[in-house]
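K.L.:
sequence first, predicted model second:
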Amino acid sequence: MSSDNLKSIIRHFVAKAFETFDAAAIPELVAPHFRTDAFAAFGVSQGPQGLQQAVAALGAAFSNAQVKVDDLIAEDDRVVMRYRWAADHTGAMMGIAATGRRVEMPGILIARIANGKLIEYWRQEDMLGLLRQLGALPAPTA
């Protein structure tokens, strides 16, 4: 698969999962044996069903989401995306009541793709910064 095809697949996945929170689209985007542990904080399984649950939970907590891609690199069967995710906190998340705040979280996603579907991915995001923006943690002091 060409690097342009890989990039297109990951962009489509990110738009459906993390901008429009379309949990119903997940089975079309990931393989049945898809694995990730990126949503352990939500207490969901690693497979496609767990991803659907996590996407639905994010959609219940956030709206008006946008992903700005800073870097997108594809080689062989892998895609690396460095991005900034922003959304409005309009619903409860992990016990944090809706704040109405616009939040932004940078992250890096590495995905492996086969036959046009994600088979696994790993994410690193600034969850500490997100929790501070939501008022769940105090800002650092000097």
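P.N.:
Everything's here; your move. Residues are numbered from 1 along each chain as shown.

K.L.:
show me where this structure has its helices.
P.N.:
3-14, 26-29, 48-61, 127-133 (DSSP state H).

K.L.:
what's the first one packed up against?
P.N.:
Counting contacts by 3 or more Cβ pairs under 8 Å, 6 or more residues apart in numbering; DSSP states H and E, helix 3-14 packs against strand 62-75, strand 78-89, strand 102-114, strand 117-125. For glycine as for every other residue, the C-beta is placed from the backbone atoms N, C-alpha and C.

K.L.:
same question for that helix, mean pLDDT?
P.N.:
The average pLDDT within helix 3-14 is 97.

K.L.:
dump the helices and strands packed on helix 3-14 to a markdown table, plus mean pLDDT, distance to G47 and mean neighbour count.
P.N.:
Shown next, in a markdown table, are these (pLDDT from 0 to 100; distance: least, Cβ to Cβ, whole Å; neighbours: other Cβ atoms under 10 Å):
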| stretch | mean pLDDT | distance to G47 | mean neighbour count |
| --- | --- | --- | --- |
| strand 62-75 | 98 | 23 | 14 |
| strand 78-89 | 98 | 20 | 19 |
| strand 102-114 | 97 | 15 | 17 |
| strand 117-125 | 94 | 11 | 17 |
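
K.L.:
centroid-nearest residue for this protein?
P.N.:
For the chain, F18 is the residue whose C-alpha lies nearest the centre (Cα atoms, centre = their mean; 5.0 Å).

K.L.:
for that one, give its distance to Q124.
P.N.:
Distance, F18 to Q124, using Cβ to Cβ, to the nearest Å: 15 Å.

K.L.:
and for A87?
P.N.:
Applying Cβ to Cβ to A87 and Q124 gives a distance of 18 Å.

K.L.:
partners of the residue lying closest to N64 once chain neighbours are set aside in the sheet?
P.N.:
Closest residue in space to N64, ignoring its immediate chain neighbours: D88 at 4.7 Å, by Cβ to Cβ, 6 or more residues apart in numbering. In this entry, D88 is beta-bridged to S63, R102, by DSSP bridges.
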